[in-house]
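Enquirer: With the input below, show me the fold.
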Amino acid sequence: MADLTNGSDRLGDILVRLKAISRPQLKEAIEKQGEKGTRLGVLLQEMGFCTSQQVTQALSEQSGLELVDLSNMKVPSTVLEFVPREVAEEHLVFPIERVDNTLKLAVADPYDLATIEDLRFRLNTEIASVLADPGDIQGAIERNYGVSTEEEAL
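Expert: As a prediction, this is how the structure comes out:
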């Protein structure tokens with residue numbers, strides 16, 4: 001597992017350095033965060049100050065996790081079987097490949113260690129996390145798993 005303490009910078013500082021947001025926007029979001037208790041990245045997006053992709057890029061820098069592009073990725077069904085669609089959707093994760101006893105898993109939140117540990121236990125396999133944009137993970141789930149049971153019901 002990657003060392004998630006690599007980045008000493010805070011998410012907001014990284015976004016300012018990447019010129020995704022300005023210092024005044026960061027200050028405004030931090031003030032609002034105190035009132036709402038929402039995660040800063042989510043709040044900055046809700047306020048229209050930056051995009052999901054910019055937050056994901058900053059999270060990659062902060063966490064030290066590799067950033068992957070899932071937009072055109074096709075994964076063999078033998079890999080998809082390790083993580084049922086419902087689990088992938090619930091936790092916003094996507095299995096990419098399995099090598100030996102390690103499953104490479106794209107995650108939207110590099111700091112959701114409880115989910116990673118839960119999946120490691122449930123799947124009885126090591127997990128190597130990489131980071132992907134939440135929208136890309138949802139798109140990969142839809143493309144690779146096929147029609148969901150909710151869509152079938154309709």
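Enquirer: Pull up the gap between the residue sitting nearest the centre point of the chain and Ser63, please.
Expert: Centroid-nearest residue in the chain, with Cα atoms, centre = their mean: Ala108, separated by 0.8 Å. Separation of Ala108 from Ser63 (Cβ to Cβ, to the nearest Å): 12 Å. Just so you know, the C-beta spots here come from the backbone N, C-alpha and C atoms, and that holds for glycine as well.
Enquirer: hey, what's in contact with both of the two?
Expert: By Cβ atoms under 8 Å, 6 or more residues apart in numbering, Ala108 and Ser63 have these common neighbours: Leu131.
Enquirer: ok, longest helix in this structure?
Expert: Longest helix in the chain by number of residues (criterion: DSSP state H): helix 23-36.
Enquirer: mean confidence for that one?
Expert: Average pLDDT, helix 23-36: 92.
Enquirer: And stretch 74-85, by the same measure?
Expert: Rounded mean pLDDT across stretch 74-85 is 92.
Enquirer: again with stretch 137-144
Expert: 95.
Enquirer: can you map out the strands along the chain?
Expert: Per DSSP state E, the chain carries strands over the ranges 93-99, 102-107, 126-131.
Enquirer: TSV for these, including mean pLDDT, distance to Val55 and mean neighbour count?
Expert: Formatted as TSV, these follow (pLDDT from 0 to 100; distance: least, Cβ to Cβ, whole Å; neighbours: other Cβ atoms under 10 Å):
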stretch	mean pLDDT	distance to Val55	mean neighbour count
strand 93-99	95	17	20
strand 102-107	96	14	22
strand 126-131	96	11	19
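Enquirer: Let me have the ones you listed in CSV, extended by distance to Arg10.
Expert: Converted to CSV, the strands of the chain look like this (distance: least, Cβ to Cβ, whole Å):
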stretch, distance to Arg10
strand 93-99, 25
strand 102-107, 20
strand 126-131, 17
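Enquirer: quick one, which of these is nearest to Ser52?
Expert: In terms of Cβ to Cβ, the element of the strands of the chain nearest to Ser52 is strand 126-131, at 12.0 Å.
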